[in-house]
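**Q** This is a predicted model, with the sequence first.
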Amino acid sequence: MDKVTDLNEFKTNEFKGRKLKKRHEEEVFEMSDSNKYDLFMQEIKKDMRERENRNSDRQKELEKRIERNLDNYRMEAREREERFQKSVDDIKSIVEDCKKDNRDTTIAIWTLSLATIIGIAGMVIAVLIK
């Protein structure tokens, strides 16, 4: 640490062997180490508060986005469930119609079979009577 030069105390008026002229006088404020430390700590605290505020804002924005996405997912799931339920209801009505049609078809087939048997029996009786 002995070789470290404090730039606040380092003053020169030469650059590469040439004399430099000051255009205007600069005011130099001497600060004690405790004042420098206090100022440094204030800046750090200010930076930390700003960082905390930014993080808080980011977190709130992220929570809002997540909530919006969850709401969208819920709405899509509800719509999808309604579509599935509608499809199920349509399928149930088609199955009921098919059952009804099958019953009607079964009755028609039995009726036609009975009529065919009666017709064949009538023809056999007609041939035998002649």
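**A** That came through, no problem.
**Q** Where does pLDDT dip in this structure?
**A** 1-31 (pLDDT under 70).
**Q** in it, which spans are strands?
**A** 14-15, 18-19 (DSSP state E).
**Q** Can you give me the distance of the residue nearest to the spatial centre of the chain to residue 87?
**A** Closest to where the C-alpha atoms of the chain average out (C-alpha atoms, centre = their mean) is residue 69, at 4.3 Å. Look at residue 69 and residue 87: by C-beta to C-beta, to the nearest Å, they are 26 Å apart. C-beta here means a position set from N, CA and C on the backbone, and glycine is covered the same way.
**Q** cool, residue 63 as well?
**A** 36 Å.
**Q** next one: residue 71
**A** For residue 71, the distance to residue 87 - C-beta to C-beta - is 25 Å.
**Q** now do residue 103
**A** Distance from residue 103 to residue 87, by C-beta to C-beta: 25 Å.
**Q** Equivalent analysis for residue 70, please.
**A** Distance from residue 70 to residue 87, by C-beta to C-beta: 26 Å.
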